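Undergrad: make a model of this:
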Amino acid sequence: MIMLNPGDEVPLRSLLQEGFPEPLYVTPDITLDRMLNEFQNGGSHLAIVSEKMTEYQSSDVKESKAAKHTSITVVSKRRNIGIVTLEDVIETLIQEPIKDE
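TA: Numbering: from 1, shown residues only. Presented below is the predicted three-dimensional model:
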């Protein structure tokens with residue numbers, strides 16, 4: 001990233017194709033110790049906090065003389081709430097702000 005010239009207007013897509021880690025998604029009820037472990041195991045120090053929302057969609061598939069068959073499709077979506085960083089977790093655990101230089 002340091003090698004890029006801002007004047008080149010490199011699209012974000014090209015950086016994502018260079019092997020950025022998959023985003024880490026967590027729920028708001030994750031504990032701090034588990035969050036710290038997730039950061040230690042992964043390649044990212046940033047997580048997206050989201051709630052999983054499930055929608056059920058039904059549609060009639062076929063109707064025969066005997067019965068009407070309905071298909072139910074489950075669609076999972078995420079509602080992003082915010083982000084949390086490794087620094088946020090550490091500051092909360094030690095109950096002191098980290099002074100950046």
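Undergrad: so where do the helices sit in the protein?
TA: 12-16, 32-41, 86-94 (DSSP state H).
Undergrad: burial measure for residue 91, as a count.
TA: Counted with other Cβ atoms under 10 Å, residues neighbouring residue 91 total 13. C-betas here are computed from N, CA, C, even on glycine.
Undergrad: what residues does it make contact with?
TA: The neighbours of residue 91, taking Cβ atoms under 8 Å, 6 or more residues apart in numbering as the test, are 97-98.
Undergrad: sorry, back to before: now render the helices of the chain as TSV, adding distance to residue 78.
TA: Output for the helices of the chain, formatted as TSV (distance: least, Cβ to Cβ, whole Å):
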stretch	distance to residue 78
helix 12-16	18
helix 32-41	17
helix 86-94	20
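Undergrad: for those, which one sits closest to residue 53?
TA: Smallest distance to residue 53 across the helices of the chain (Cβ to Cβ): 21.4 Å, for helix 32-41.
Undergrad: beta partners for residue 50?
TA: residue 80 (DSSP bridges).
Undergrad: so it makes contact with residue 84?
TA: No: in this structure, residue 50 is not within contact of residue 84 by Cβ atoms under 8 Å, at 11.0 Å.
Undergrad: what touches both of those two?
TA: residue 26.
Undergrad: more neighbours, these two?
TA: residue 84 (21 against 18).
Undergrad: ok, now which ones touch the closest residue to that one other than its chain neighbours?
TA: Leaving aside its sequence neighbours, residue 84 sits nearest to residue 47 (Cβ to Cβ, 6 or more residues apart in numbering; 5.2 Å). Residue 47 makes contacts with 23-26, 35, 38-39, 83-85, as judged by Cβ under 8 Å, 6+ apart.
Undergrad: so what's the most centrally placed residue in the chain bridging to?
TA: The centroid of the chain falls nearest to residue 25 when counting by Cα atoms, centre = their mean (3.0 Å). Legend: beta-bridge partners of residue 25 under DSSP bridges are residue 48.
Undergrad: you'd agree it is up against residue 79?
TA: No: assessed by Cβ under 8 Å, residue 25 is found out of contact with residue 79, at 11.2 Å.
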